[in-house]
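Chemist: fold the following, please.
(2 chains)
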Amino acid sequence: MDRYNFKLVEEKWQKFWEKNQTFKSGADKNKKKFYCLEMFPYPSGKIHMGHVRNYTIGDVLARYKKLQGFNVLHPMGWDSFGMPAENAARENNLDPKDWTEKNISTMKTQLKKLGLSIDWDREISTCSPDYYKHQQNFFLELFDKGLVYRKENYVNWDPIDQTVLANEQVIDGKGWRSGAQVERKKLSQWFFNISKFSEQLLDGLNNLSEWPNKVKVMQKNWIGKSYGCEIDFKIEGDLPIKNIKCYTTRPDTLFGFSFLALSVDHPLSKYFEKNPEFQNFKSECSKTGTTEESIAQAEKIGFKTNLQAINPIDPKMKVPVYFANFVLMDYGFGAVFGCPAHDQRDFEFAKKYKLNIKTVVRPEDQSDDYLVKNAAFEENGVMINSSFLNGLKTPGEAIEKSIDYLTKNNLGKKKINFRLKDWGISRQRYWGCPIPIAYDKSGNIVKVPRKMLPIKLPEKINLNTKGNPLDHQKKWKEIKINGEICILDTDTLDTFVDSSWYFLRFCSPSENEYGFDSEDIKYWMPVDQYIGGVEHAILHLLYSRFFMQALAFKNSNFIPTEPFKGLFTQGMVCHETYKDENNNWLSPDEVFSEDGKNFFENKNKQKKVIVGPSESMSKSKKNTIDPERIISQYGADSVRLFILSDSPPEKDVQWSDQGMIASYKFVQKFWLLHQKIIEHINKKDIDGEDNELTIYTNKLIEKFTQSLEKFNLNVIIAYLHETYNFLNKEINKTKINNLKDNYLKILTLMFPLLPHLVSECINGLKISDKIKWPSVEKKYLEEKFVNIVIQINGKKKSLIKIEKDLEDKQLIESIKKDTKISSILNNKGIFKHIIVKNKLVNLIIK
RNA sequence: GCCCUCGUGGUGAAAUUGGUAGACACAAAGGACUUAAAAUCCUUGCCCUUUUGGGAGUGCCAGUUCGAGUCUGGCCGAGGGCACCA
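Modeler: A predicted model of the protein is given here:
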């Protein structure tokens, strides 16, 4: 018998698929389609195990759907703009383009070795001008629709590197590279008006029945719809401002009003600019940075003004006005009405500045003289000390009545607010899509005419400059528009813009005039199954949903839909972490163990290794396993099998060398079994039908298909082992007349998981027709005998095999004859019995 | 602090959705084959019993039910998300 040579076989079939264009999506638009998409990778250098898992899951699905007769679109591309290229280029004095292209070529070769069923003719790369020229066009389209605007916004500013930092580049309030204290700085930047679609984006979630609930909840919280009220406060003091608008969700607690707090960026702050104490306070606030973490940890501080705010609902009540660090300018109106008794944050502020704390809500089980003492009371309750609201339940009645009152007296109105902020898309970086906007001599915005697109990035420029590299490109910046010299915007677009429409581009990757062809979109969209990491649960997925809305806005040819009908978020690949005595990370290759418990360094076998917890594979912790090495050692099929076998795909999976070897052995074992089966088939001397094998096969088809539909890929691999065990045991007893048919069906089930091995096996069956996903023949699922569990008082006591569909009386009689049961019954009377047809009988005895 | 998810053998996990708990696999121990090793195959798995057999058992405590890993309430633990959002 031959050993299975995965190297030869895998190479052979990969060549075969390529030559026959097996994975090219069909042009026939009358056929049922299936769009299977995995999140496209950032070309960081080499593929990692996370990619292997992600793309294997997608590949199993794509191959399965293809066998079911769907016209499958399964493309791949590169999310190739972004900071790593720029950083790597700067460090090694390279060009980001060269670096990126080299990585793409490496990773493409690696992905091909995995045997993925990808239509490579549709490959796209976001850093290619062929791609981003359409994106620049979309930018202008949205600009014309009024969905893009320019606004001053705060950024994390590194004063040493003279650059803007992303939130994750700020560590403990300091720049990751320079270590300088990060400042808040105002910059004029471009924004997409995503908040305009808050309502649609929230509503749309209800239709996404094939999305994980977790992701929908995260998006819902992110959008953050709240029901409340907008209130006008009159201001007394020596300033020309006489009114301040506030947003609140608790207008019922207005009688507990104790201070008004403003953001330091509130328009009113301009009257305090010259006050040195206010300046101090403001810079104190700005030191906290813009990261959420730092804001959350900051102490609540305030700056008292000489102003007073009047309670609209009780004009005799006048309270001080403060500036406070906990009030954000971009939510509500940058002003908060403080009610310390019923808001913990206000409570802490009031304690610190010794402000009045008036209780206006009591718990339902307390009397009207209830007083708030150590913490704010934020629960449901009953109104007290609140004039016409007294005795009402809150929230509910009391909120309704207070809004009614404010509306009738023209003091405020009902308002729905969203937490979702507009999407800032300007990045002060080189390696991104240039913004197709220029400025004339007077600084006015000038759109770059469409026929001048794309605005290409300048190549081979010096990146070792301070600030934004494009700023230094004097020649590039100058552009003649309608005869006038203008200066291009030197910012580039957030790379999330690139990935917000790439799934549309895959439908028409070579369309030249526009980003996509509307006929193609109508056929292929939405993506039937999108697969990727849960880390993109909010931003990428929300932005993509927004992009569909924005394209459809004021465009009757484009119907707004959800881009991703089904979403699957796979878990990460984890590995134990290792450190040496000096606390340096060690890679799995650098350690060894004889007993699996004690680990030592390879270099110096005396040195003990500290084994840390298993964490998701990352270069920084050195706990990675290189897929390329594993593929060349064990073959693509074995790796695919292992990466899916140990855990459900939505959960994290533990890398295990033993598990990997076991998968490899399975492939080898199966090949031996295959040869035995072929030998058997060729005997042609045992007559008759083999019902047992046919029944087994049909049961398998049923449960295999069900589990596959539910993405229980680890379970179908268990069935695979079961099937191997069954065939291996039964093969010599099997009659061969229908062996070939059943075996082909079994191989077809296995094909999506182990495409190379199975292709080779099917080849050995000498079958000329194309294989199809097998369907269940119901008649083989019906059995004459069933196993019935016998319980006594709810506890399992025995199991009998008996004819199906017996009458209750007959069944009970047969059960009484069972030796175990009769000995337990011992002539005791049966008090009651419960029968679950063909499954279980529960006898109740005293 | 709020929201979500999850707790099953030594390990990764199954369980037709309220009906045989631990399928399948990894690891371990014992055995078979072998001159030996590797490879392969078989058996075992918590407690009591020599065996036949019996019992406990799905984080903990209650409840619903003929019957609970699955449903309800409370508690404990782990993971993830959000957070001065007014």
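
Chemist: give me the below-cutoff pLDDT ranges for chain A.
Modeler: Across chain A, the ranges flagged by pLDDT under 70 are A:1, A:167-169, A:171-173, A:287-298, A:595-597, A:684-690, A:826-827, A:846.

Chemist: make it 50
Modeler: Along chain A, the parts satisfying pLDDT under 50 run over A:290-294.

Chemist: just checking, what packs against the longest helix along it?
Modeler: Longest helix in chain A by number of residues, with DSSP state H as the criterion: helix A:657-683. Here helix A:657-683 touches helix A:627-634, helix A:636-645, helix A:713-730, helix A:739-750, helix A:755-765, going by 3 or more CB pairs under 8 Å, 6 or more residues apart in numbering; DSSP states H and E. C-beta coordinates here come from the backbone N, C-alpha and C atoms, glycine included.

Chemist: mind putting the ones you listed into CSV with mean neighbour count?
Modeler: Formatted as CSV, the helices and strands packed on helix A:657-683 follow (neighbours: other CB atoms under 10 Å):
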stretch, mean neighbour count
helix A:627-634, 17
helix A:636-645, 26
helix A:713-730, 17
helix A:739-750, 21
helix A:755-765, 21
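
Chemist: quick revisit: so for the longest helix of chain A, what gets flagged as buried?
Modeler: Under the neighbour-count criterion of 16 or more other CB atoms under 10 Å, helix A:657-683 has A:659-660, A:662-664, A:666-668, A:670-671, A:673-674, A:677, A:680-681 buried.

Chemist: so that helix versus helix A:636-645, what angle?
Modeler: For helix A:657-683 against helix A:636-645, the angle by axes from the mean of the first three to the mean of the last three CA atoms, to 10 degrees is 120 degrees.

Chemist: is helix A:657-683 positioned near RNA strand B?
Modeler: Yes: shown here: helix A:657-683 in contact with RNA strand B (CB under 7 Å from any atom of the strand) through A:Gln658, A:Gly659, A:Ile661, A:Ala662, A:Lys665, A:Lys669.

Chemist: and the next element down the chain from that helix?
Modeler: Remark: after helix A:657-683, the chain's next helix or strand is helix A:691-709, criterion DSSP states H and E.

Chemist: what sits up against that following helix?
Modeler: Residues from elsewhere that reach helix A:691-709, judged by CB atoms under 8 Å, 6 or more residues apart in numbering: A:60, A:64, A:713, A:715-716, A:719, A:723, A:726, A:730, A:734, A:738-739, A:742, A:745-746, A:749, A:752, A:773-777, A:780-781, A:783.

Chemist: keep the residues you listed, but drop any that are not near RNA strand B.
Modeler: By CB under 7 Å from any atom of the strand, the members of the contacts of helix A:691-709 lying near RNA strand B are A:Val715.

Chemist: starting at the chain centroid, how far to stretch A:802-815?
Modeler: For stretch A:802-815, the separation from the chain centroid amounts to 53 Å (computed by CA atoms, centre = their mean, to the nearest Å).

Chemist: equivalent analysis for stretch A:206-224, please.
Modeler: With CA atoms, centre = their mean, you get 11 Å for stretch A:206-224.

Chemist: keeping just the C-alphas, turn that stretch into CSV.
Modeler: Extracted C-alpha coordinates of stretch A:206-224, given in CSV (Å, rounded to 0.1, in the frame of the first residue of the first chain):
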residue,chain,number,x,y,z
ASN,A,206,-33.6,44.2,13.6
ASN,A,207,-33.4,42.6,10.1
LEU,A,208,-30.0,41.0,10.7
SER,A,209,-31.3,37.6,12.0
GLU,A,210,-28.1,35.9,10.9
TRP,A,211,-25.8,38.1,12.9
PRO,A,212,-24.5,37.1,16.3
ASN,A,213,-26.6,38.8,19.0
LYS,A,214,-23.5,40.0,20.7
VAL,A,215,-22.5,42.1,17.7
LYS,A,216,-25.9,43.6,17.4
VAL,A,217,-26.0,44.5,21.1
MET,A,218,-22.6,46.2,20.8
GLN,A,219,-23.7,48.2,17.8
LYS,A,220,-26.9,49.1,19.5
ASN,A,221,-25.1,50.4,22.5
TRP,A,222,-22.6,52.2,20.3
ILE,A,223,-25.4,54.1,18.5
GLY,A,224,-26.9,54.8,21.9
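
Chemist: would you mind listing what in the stretch 501-650 of chain A touches RNA strand B?
Modeler: Neighbours of RNA strand B within the stretch 501-650 of chain A, by CB under 7 Å from any atom of the strand: A:Val534, A:Glu535, A:Ala537, A:Ile538, A:Gly596, A:Ser645, A:Asp646, A:Ser647, A:Pro648.

Chemist: now, of those, which are buried?
Modeler: Buried among these by 16+ other CB under 10 Å: A:Val534, A:Ala537, A:Ser645, A:Asp646, A:Ser647, A:Pro648.

Chemist: just curious, which of those is nearest to A:Gly175?
Modeler: Ranked by distance to A:Gly175 (CB to CB), those are led by A:Ala537 at 27.9 Å.
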